[in-house]
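>>> 3D, please:
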Amino acid sequence: MIDVRRAKERGHANHGWLDTWHTFSFSGYYDERFMGFRTLRVINEDTVAPGQGFPPHGHRDMEILSYVLEGGLEHKDSLGTGSVIRPGDVQRMSAGTGVRHSEFNASRAEPVHFLQIWIEPAKTGIAPGYEQKAFSEADKRGRLCLVASPDGAEGSLTIHQDARVYATVLAPGEAVTHRLAPRRHAWVQVTRGALTVGGEPLAQGDGAAISAEADVLIVGETDAEALLFDLP
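As a prediction, the model looks like this:
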């Protein structure tokens, strides 16, 4: 079964400095039908104006991934970490018992466009942690590149949940297949271009929940990029 979530149906707010789209209920956007999918709680697509951003704020008990599509996102946190996340970089912050951080556009001239992703941890009250790794377009081209996993397999980030996150970049007609283990579920989020998932056409910003399927077939319609979440 494939259930499509169209980009235009997501929650949306434009604050001037921030243009944000919420796949699932978040902040001022609430829809009881879209509270998350399995352990995937948040996918926010944010565009932040030059020199603007989120001032220091706190999180607890959540695995937070940042995936930059365009520009640079400057991160600072109470763990003493400071970095700029650029396209190809994936950042993981485990909020655990509590962490404060800020996120600002690193440019004074160009916007930054990124996804903020929250995954519920398997266990609460863990020590906060931070990790950042780069995955080139070549790593993702024509294949599913593992970018986050519970055991850091294949050089991926380590998250505290039995979930795996893959990234792929596809040319028109290029295809990848992901095998789902019994009682596992998948979410596919299109970050660029257009593709099909199990024959269903998806465009940028669209997502799809997949359950009770043995395989997830993704085929590029245009030059496309997507994330696939394998979830318990």
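>>> okay, stretch 106-122 in PDB with CA atoms only?
The C-alpha atoms that make up stretch 106-122 are tabulated as PDB, following Å, rounded to 0.1, in the frame of the first residue of the first chain:
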ATOM      1  CA  ALA A 106      25.700  31.300   6.800                       C
ATOM      2  CA  SER A 107      25.300  33.600   3.800                       C
ATOM      3  CA  ARG A 108      24.400  37.300   3.700                       C
ATOM      4  CA  ALA A 109      23.500  37.100   0.100                       C
ATOM      5  CA  GLU A 110      21.800  33.800  -0.700                       C
ATOM      6  CA  PRO A 111      19.000  31.800   1.000                       C
ATOM      7  CA  VAL A 112      19.600  28.400   2.600                       C
ATOM      8  CA  HIS A 113      17.200  25.600   1.700                       C
ATOM      9  CA  PHE A 114      17.200  22.400   3.900                       C
ATOM     10  CA  LEU A 115      15.200  19.600   5.400                       C
ATOM     11  CA  GLN A 116      14.900  19.300   9.200                       C
ATOM     12  CA  ILE A 117      13.900  15.700  10.200                       C
ATOM     13  CA  TRP A 118      13.000  14.400  13.600                       C
ATOM     14  CA  ILE A 119      13.000  10.700  14.400                       C
ATOM     15  CA  GLU A 120      11.700   9.500  17.800                       C
ATOM     16  CA  PRO A 121      14.500   7.700  19.700                       C
ATOM     17  CA  ALA A 122      14.200   4.100  20.900                       C
END
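>>> in the sheet, who's paired with residue 200?
residue 197 (DSSP bridges).
>>> Report the separation between it and residue 206.
Per Cβ to Cβ, to the nearest Å, residue 200 is found 9 Å from residue 206. Bear in mind the C-beta positions are built from the backbone N, C-alpha and C, glycine included.
>>> Give me the more crowded residue out of the two.
residue 206 (23 against 14; other Cβ atoms under 10 Å).
>>> Next one, pLDDT for that one please.
For residue 206, the pLDDT comes out at 98.
>>> ok, it - contacts?
4, 5, 6, 7, 189, 190 (Cβ atoms under 8 Å, 6 or more residues apart in numbering).
>>> What's the per-residue pLDDT of the fifth one here?
Okay, so that is residue 189. 98.
>>> give me the element it is part of.
Element membership for residue 189, per DSSP states H and E: strand 185-192.
>>> Restrict that strand to CA atoms and write it as PDB.
Written as PDB, here are the backbone C-alpha positions of strand 185-192 (Å, rounded to 0.1, in the frame of the first residue of the first chain):
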ATOM      1  CA  HIS A 185       7.600   0.400   6.600                       C
ATOM      2  CA  ALA A 186       9.100   3.100   4.400                       C
ATOM      3  CA  TRP A 187       8.600   6.800   3.700                       C
ATOM      4  CA  VAL A 188      10.000   8.400   0.500                       C
ATOM      5  CA  GLN A 189      10.500  12.100   0.400                       C
ATOM      6  CA  VAL A 190      11.300  13.800  -2.900                       C
ATOM      7  CA  THR A 191      13.800  16.600  -2.500                       C
ATOM      8  CA  ARG A 192      14.400  17.500  -6.100                       C
END
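>>> Could you list the paired strands of it along with their orientation?
strand 207-210 (antiparallel), strand 224-231 (antiparallel).
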